[in-house]
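Undergrad: have a look at this prediction, sequence included:
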Amino acid sequence: MVEDPLEKAHAIVVLSGRMPIRAMEAARLYREGYAPQVWLTRPEQPAALLRSMNIFDAGEDVFNSRVLIHEGVPSGAIGWLEPQINNTADEVRAVAEELARENESVVIIVTTKAHTRRVRRLWKELSGGRGRAIIRATPEDTFDPAHWWRTSTDALDVLREVLGLLNAWGGLPLHPAR
């Protein structure tokens with residue numbers, strides 16, 4: 001687990017996954033005045049697959065926006081990033097592109113504890129020098145970095161992150177299935 005010291009930023013980004021704790025942390029940071037807006041990424045799956053079966057799924061981003069509003073973020077302060085994403089690398093690219101479009105330099109990225117190191121690495125590899133990311137973990141995450149082998153959930157998180165880091169260090173030769 002790695003984290004950067006908090007400072008004011010242009011936006012707070014909620015990475016997809018682990019609803020609702022990432023959005024809850026983003027709302028807390030927003031309420032404390034660290035940024036004037038919160039950005040959400042829009043996962044392509046499972047919503048696209050469900051739509052192909054005529055099953056409505058509002059999407060994780062919609063639920064995250066509801067969590068943000070519930071936690072005190074005004075709807076006008078919530079933005080959605082394009083394009084839809086399939087993985088963390090897609091999210092990092094979308095955040096970096098939005099920072100460049102808005103001619104801004106600092107963003108806070110909220111994720112879970114086990115995911116922080118890979119997010120930082122991907123930012124370094126994929127942002128193209130477009131701004132700086134402050135990586136923050138949500139304190140509500142139950143991942144125990146000192147004893148990750150004690151639960152299957154934590155062990156699986158570590159395995160997924162190690163494989164993701166190896167892919168990042170190798171230049172991202174593995175891509176998500178489409």
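TA: Noted; the coordinates are in hand.
Undergrad: buried residues in stretch 100-111?
TA: Residues of stretch 100-111 classed as buried: 107-111 (neighbour count, 16 or more other CB atoms under 10 Å). For glycine as for every other residue, the C-beta is placed from the backbone atoms N, C-alpha and C.
Undergrad: contacts for that stretch, please.
TA: Defining contact as CB atoms under 8 Å, 6 or more residues apart in numbering, one finds that stretch 100-111 is touched by 6-15, 17-18, 22, 25-26, 29, 34-35, 39, 95, 99, 119, 123, 130-138.
Undergrad: any buried residues in the lengthiest helix in the chain, and which?
TA: Across the chain, the longest stretch assigned as helix under DSSP state H is helix 152-169. Buried residues in helix 152-169, counted by 16+ other CB under 10 Å: 154, 157, 161, 164, 167-168.
Undergrad: from these, pick the one nearest residue 65.
TA: residue 157 (25.4 Å; CB to CB).
Undergrad: doesn't residue 142 make contact with that closest one?
TA: No. Using CB atoms under 8 Å, residue 157 is not in contact with residue 142; the gap is 10.3 Å.
Undergrad: hang on, the earlier thing: and the contacts of stretch 100-111, which are buried?
TA: Buried by 16+ other CB under 10 Å: 9-15, 18, 22, 25-26, 29, 34-35, 39, 95, 99, 119, 123, 130-131, 133-138, out of the contacts of stretch 100-111.
Undergrad: all strands for this protein, in order.
TA: Secondary structure of the chain (DSSP state E): strands at 11-14, 38-40, 78-80, 106-111, 132-137.
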